[in-house]
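S.K.: output the structure for:
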Amino acid sequence: MTQVTIRRIEEAWVEKAKEEAVRRKVSMNQVLVEALRRGLGADAEPVRKTNLDRFAGDSDFGPEWDEFLEKDLKQVDPELWS
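M.R.: Okay, here's the model as predicted:
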């Protein structure tokens, strides 16, 4: 094991690490070491993402889709707003 110093860390990150350490009743060092391990992919199990980021910008629906978005979705239905 070795010891390192990390400079120019955002205050919000430090506060979040402190809160997590208190919540889990462990040292802030342990929280940060675990976060580095996960962030560097050194964990035995990869972090599972549960969002749709992998699909963003993935599809091209063609010009008909763009036309639909521009015309139909920007229309206000007066019956719904009266």
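S.K.: may I have the helix or strand of the chain with the lowest mean pLDDT as CSV, with CA atoms only?
M.R.: One helix or strand of the chain scores below all others by mean pLDDT, DSSP states H and E: helix 63-71, with a mean of 80. Backbone C-alpha positions of helix 63-71 (Å, rounded to 0.1, in the frame of the first residue of the first chain) are rendered in CSV as follows:
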residue,chain,number,x,y,z
PRO,A,63,-37.0,13.1,-41.9
GLU,A,64,-40.6,12.0,-41.2
TRP,A,65,-39.8,11.9,-37.5
ASP,A,66,-38.3,15.4,-37.6
GLU,A,67,-41.3,16.7,-39.4
PHE,A,68,-43.6,15.1,-36.8
LEU,A,69,-41.7,16.6,-34.0
GLU,A,70,-41.7,20.0,-35.6
LYS,A,71,-45.4,20.1,-36.6
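S.K.: ok, the spatially most central residue of the chain to Pro63 distance?
M.R.: Closest residue to the average C-alpha location of the chain: Asn51 at 8.3 Å, with Cα atoms, centre = their mean. To Pro63, Asn51 is 29 Å away according to Cβ to Cβ, to the nearest Å. In short, each C-beta sits where N, CA and C put it, glycine included.
S.K.: repeat for Asn29
M.R.: Relative to Pro63, and taking Cβ to Cβ, Asn29 is found at 56 Å.
S.K.: try Met1
M.R.: With distances taken as Cβ to Cβ, Met1 is found 59 Å from Pro63.
S.K.: low-confidence ranges in the chain?
M.R.: Flagging of the chain using pLDDT under 70 yields the residue ranges 44-47, 57-59.
S.K.: show me what the helix or strand hosting Ala17 is packed against.
M.R.: Using DSSP states H and E, Ala17 maps to helix 11-24. With contacts taken as 3 or more Cβ pairs under 8 Å, 6 or more residues apart in numbering; DSSP states H and E, helix 11-24 sits against helix 28-39.
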